[in-house]
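In: Sequence first, then the predicted structure, then my questions.
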Amino acid sequence: MILNRKSLMTKRRDRTPTTAPSARFTMISRQCHRTYKSAGKWFLRLACFQHVKRKFLDCGEDFDCKVIVRLINYIYHLDHKHIIGQNGWIEAKHRKWRKDMCRPIMKIIRKKLDRMAADKTILPKTEKYDAVHYMLGEWDALMNIFKRGDYHLDNNDIERLNRYISLSRRNSLFFGSHKGAERGAMFYSLVCLCRLNGVNFFEYISDVINKAAALPPNTPLEKYRMLLPDKWKENR
């Protein structure tokens, strides 16, 4: 999972749905969504524009599909014109920008999708048919992205982090116990959080171990929060 520039990895004994951690995540992978599906109102499902786009790219030179791809690219172009946190640009401004600029494009895309879905010449089990109905099936989750200004258009950050998790699977066999797995998940969370924030992990962990050891036993949790990589980088 990713909360802005924060990552969290968890350990489970099995695939049984569980309750959500006490935080609001802006991005959550499909696998995590199944894991925490019992949380219900905790999560707002967001779809991935890149997954949708790939479906239409697989259709090759089909004119209608190329138009959808170009419209999605234009949404990215508009969305990347401003970055939250730069030049006084805040989430509320970006939310309004998305409403004014991106939502009208989504209306155009929806009209084209509905027209293609009603076209009897587009046969089932073809790439174009699958692409159209896949995007229609994801429509509500795609539109959820525009409810805030800081929701990502895709889950590429998660995809990149999952690569490092996959590379660690053999090492995970040697955790030895469920407690060891919990500590391992915490360790990987810190490593990935350092990577997301451009922090050298060796420098970070060398400094934080000494600072954490110097804290008294009754230290408030907020003090430990300041030792996480994103805050550590700000306060160096």
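Out: Okay, I see it.
In: mind listing the strands for the protein?
Out: When secondary structure is read from DSSP state E, the chain shows strands at 2-3, 6-7.
In: Select from those strands the stretch with the lowest mean pLDDT.
Out: Comparing mean pLDDT over the strands of the chain, the weakest stretch is strand 2-3, at a mean of 46.
In: Show me the helices in this protein, by range?
Out: Along the chain, counting by DSSP state H, helices occupy 30-35, 49-57, 63-79, 91-97, 103-117, 127-137, 139-144, 156-167, 169-172, 178-196, 201-214, 221-225, 229-234.
In: Relative to F43, which of those is closest?
Out: Nearest of the helices of the chain to F43, taken as C-beta to C-beta: helix 30-35 at 6.8 Å. In short, each C-beta sits where N, CA and C put it, glycine included.
In: Could you check stretch 111-118 and say which residues are buried?
Out: K112, L113, M116 (16 or more other C-beta atoms under 10 Å).
In: Repeat that for stretch 74-91.
Out: The neighbour-count check on stretch 74-91 (16+ other C-beta under 10 Å) flags I75, D79, H82 as buried.
In: Return the distance of the second one relative to G176.
Out: It stands for D79. Computed with C-beta to C-beta, to the nearest Å, the distance linking D79 and G176 is 45 Å.
In: cool, and A141?
Out: 39 Å.
In: Return the member of the buried residues of stretch 74-91 nearest to K128.
Out: Closest approach between the buried residues of stretch 74-91 and K128, by C-beta to C-beta: I75, at 20.6 Å.
In: The closest one and I105 touch, don't they?
Out: Yes: counting by C-beta atoms under 8 Å, I75 does reach I105; the two are 5.5 Å apart.
In: so can I have CSV of the buried residues of stretch 74-91 showing pLDDT and distance to G137?
Out: Below are the buried residues of stretch 74-91 laid out as CSV (pLDDT from 0 to 100; distance: C-beta to C-beta, whole Å):
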residue, pLDDT, distance to G137
I75, 97, 19
D79, 94, 23
H82, 91, 30
